[in-house]
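> coordinates for the following, if possible.
(one chain, ligands or ions: 2)
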Amino acid sequence: MATILVTGGAGYIGSHTVIELANAGYDPVIFDNFCNSKPAVLARINKICGKNIPFVCGDIRSREQLEQAFNNYKIDGVINFAGLKAVGESVKKPLEYYDNNVNGARVLLDVMKEHKCYNFIFSSSATVYGEPDSVPLTEESPVKRANCPYGQTKVDIEYMCQELQKAVPEFSMVLLRYFNPVGAHKSGLIGEDPRGIPNNLMPYLTQVAVGRLPYLNIFGNDYPTPDGTCVRDYIHVVDLAKGHVAALNHCLNMPGTHIYNLGTGVGYSVLDMVKAFSKAIGRELPYRFAPRRAGDVVQCYSDATKAKKELGWSATLSLDDMTADSYNWQKNNPNGYED
Ligand code: NAD
Ligand code: UDP
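Ligands and ions are numbered 1, 2, ... in the order given. Predicted coordinates for the structure are as follows:
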């Protein structure tokens with residue numbers, strides 16, 4: 001089976017995807033510089049897979065370090081998870097975000113081209129749709145200028161991939177637009193381990209649940225939604241990981257640009273999430289209403305039919321699975337990965 005270089009493979013989504021790739025018979029090679037992950041994840045991945053997954057320590061901005069991976073393994077394709085992803089930080093450090101994400105993807109694609117490796121899957125995001133004109137979002141919904149540097153790096157990399165595909169038509173470029181990944185592997189061995197106070201809803205909920213934080217601040221309860229709180233399409237990270245396997249199965253060696261939403265097609269409000277999480281932990285999770293967060297879109301959920309029709313993939317895990325598995329991970333690892 002094909003050998004797949006998984007850049008950013010030590011991170012939250014990457015680690016889950018490495019496991020699903022191995023389960024499906026692919027040979028993943030992890031490439032990461034641990035700027036937002038910890039080496040401890042590697043042993044956990046190996047434990048779940050029941051074998052050693054090769055690892056190369058490197059930065060996607062370094063040609064030399066990428067060459068090391070390409071020279072040591074016969075790489076058939078690359079899934080690029082390596083990127084910085086904190087919206088607020090990107091506003092403060094735009095150059096770091098453009099350098100790491102856009103320049104990193106540029107160097108990676110250039111090295112791929114040189115090695116005649118033409119299968120690329122990119123971690124894009126529903127953020128490329130900006131504030132939607134209407135929901136659900138299809139792949140045809142307009143891509144908009146983002147309201148933060150993080151989001152704009154996703155828009156820019158999508159364009160870079162499309163332009164390169166036109167110039168080098170052998171490329172199979174797969175742009176996967178994730179909605180809101182949550183949950184963790186059933187084993188409780190791997191999960192999301194943000195640095196500092198979490199920006200995202202689910203890790204914040206899990207940290208309140210284990211007593212690391214006192215209560216959730218719900219950002220805004222006066223939005224034009226059924227309960228006044230914002231609506232998102234939360235997707236279990238294992239379903240998302242399997243979406244990458246389905247994309248590989250379908251798009252490997254299929255030249256062109258292939259764009260897919262990876263979501264469930266169902267929107268839940270922040271209050272829905274608090275209710276579901278309270279059910280998972282068997283008690284009321286404390287929360288307070290707080291002012292709106294700058295830049296939040298009101299509603300964002302996918303039309304997931306294209307991936308179902310073309311890739312034969314759809315999300316199967318429920319909201320109860322998402323909350324139970326997120327909590328299981330945090331309960332077993334109250335302080336995340338500890339080296
Ligand atoms: P993560 O931070 O857990 O994983 C990213 C990994 O990439 C980390 O292990 C980090 O050390 C590594 N990395 C970053 N820059 C690197 C570089 N220059 N060279 C080598 N390694 C590098 O994040 P995640 O949640 O797993 O997200 C993975 C990708 O998916 C990111 O590109 C992110 O923007 C995208 N995405 C995430 C979400 C989400 O909500 N988690 C939503 C949409 C898109
Ligand atoms: N949210 C919240 N409190 C938090 C974190 C998030 O109320 O501490 C809300 C946020 O305003 C948004 C939803 O939860 O409406 C999802 O936020 P997240 O940052 O997880 O995802 P994104 O907004 O990037 O889709």
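> just want the residue of the stretch 51-200 of the chain that's nearest ligand 2.
Residue of the stretch 51-200 of the chain nearest ligand 2, by Cβ to the nearest ligand atom: Asn200 (3.4 Å). Using the backbone N, CA and C atoms, a C-beta is placed for each residue, glycine as well.
> which residues are in contact with the nearest residue to that residue once chain neighbours are set aside?
Counting by Cβ to Cβ, 6 or more residues apart in numbering, Asn200 lies nearest to Pro194, which is 7.2 Å off, once chain neighbours are set aside. By Cβ atoms under 8 Å, 6 or more residues apart in numbering, the residues touching Pro194 are Asn200, Pro203, Gly336.
> which one among these gets closest to ligand 1?
Asn200 (6.2 Å).
> tally of neighbours for that closest one?
Neighbourhood size, Asn200 [other Cβ atoms under 10 Å]: 16.
> quick check, the residue nearest to Asn200 in a strand?
No - assessed with DSSP: H, G, I helix; E, B strand; the rest coil, Pro194 is coil; it does not lie in a strand.
> for it, grab phi and psi.
Main-chain dihedrals, Pro194, degrees, to the nearest 10: phi -70, psi 150.
> now do the contacts for Leu271.
With Cβ under 8 Å, 6+ apart, Leu271 has these contacts: Ile218, Asp227, Thr229.
> what about the nearest residue to Glu139 once chain neighbours are set aside, neighbour count?
Residue nearest to Glu139 in three dimensions, not counting chain neighbours: Ile259, with 4.8 Å by Cβ to Cβ, 6+ apart. Ile259: 20 surrounding residues under other Cβ under 10 Å.
> isn't Ile259 right up against Arg177?
Yes - using Cβ atoms under 8 Å, Ile259 is in contact with Arg177, at 7.0 Å.
> re earlier: from ligand 2, how far off is the residue nearest to Glu139?
Counting by Cβ to the nearest ligand atom, to the nearest Å, the gap between Ile259 and ligand 2 amounts to 19 Å.
> that residue: what secondary structure?
At Ile259 the chain is in strand, as set by three-state DSSP.
> what's across from it in the sheet?
Leu175 (DSSP bridges).
> between Ile259 and Arg177, what contacts are shared?
Glu139.
> Gln330 and Gly211 touch, don't they?
No - Gln330 is beyond contact range of Gly211, at 10.4 Å (criterion: Cβ under 8 Å).
> which one of those two has more residues nearby?
Neighbour tally, Gln330 and Gly211, criterion other Cβ under 10 Å: the higher count belongs to Gln330, 25 against 8.
> so where's the stretch 201-339 of the chain uncertain?
339 (pLDDT under 70).
> single out the residue in it that lies closest to ligand 2.
Going by Cβ to the nearest ligand atom, ligand 2 is nearest to Cys230 of the stretch 201-339 of the chain, at 3.0 Å.
> where does Gly228 land in three-state SS?
coil.
> need the phi and psi values for the closest residue to ligand 1 within the chain.
As assessed by Cβ to the nearest ligand atom, ligand 1 sits closest to Gly11 within the chain, at 1.9 Å. Backbone torsions of Gly11, given as degrees, to the nearest 10, read phi -80, psi -170.
> can you check Cys300 too?
Per degrees, to the nearest 10, the backbone of Cys300 is at phi -150, psi 110.
> got a list of what it touches?
Ala126, Tyr129, Pro132, Val135, Leu137, Phe179, Val231, Arg232, Asp233, Gly267.
> now do the phi/psi pair for the second one.
The phi and psi values for Tyr129, taken as degrees, to the nearest 10, are phi -80, psi -10.
> that one: neighbour count?
24.
> what do you get for the third one?
As a burial measure, Pro132 scores 17 neighbours (other Cβ under 10 Å).
> Ser141 is in contact with that one, correct?
Yes - Pro132 lies in contact with Ser141 (Cβ under 8 Å); the separation is 6.5 Å.
> mind listing the helices for the stretch 201-339 of the chain?
Along the stretch 201-339 of the chain, the segments classed as helices by DSSP state H, counting those that start in this stretch run 201-209, 237-251, 270-281, 305-306, 319-332.
> so what pLDDT did the closest residue to Lys116 other than its chain neighbours get?
Spatially, and ignoring its direct neighbours in sequence, Lys116 is nearest to Glu170 (7.8 Å; Cβ to Cβ, 6+ apart). pLDDT recorded at Glu170 is 98.
> which of the three states applies to Glu170?
Glu170 - assigned by three-state DSSP - is coil.
> quick one: what helix or strand has Val135 in it?
Here Val135, judged by DSSP states H and E, is contained in no helix and no strand.
> if I pick Val56, what's in contact with it?
Contacts of Val56 (Cβ under 8 Å, 6+ apart): Val29, Ile30, Phe31, Gln65, Gln68, Ala69, Asn72.
> what of Pro132?
Ser141, Val297, Gln299, Cys300.
> near ligand 1, which residues of this structure?
7-8, 10-14, 32-37, 59-61, 81-85, 100, 104, 123, 125, 178, 180-181 (Cβ under 6 Å from any ligand atom).
> wait, is Glu131 part of a strand?
No - judged by three-state DSSP, Glu131 forms no part of a strand; its state is coil.
> which non-adjacent residue is nearest it?
Val297 (4.9 Å).
> thanks a lot, see you next time.
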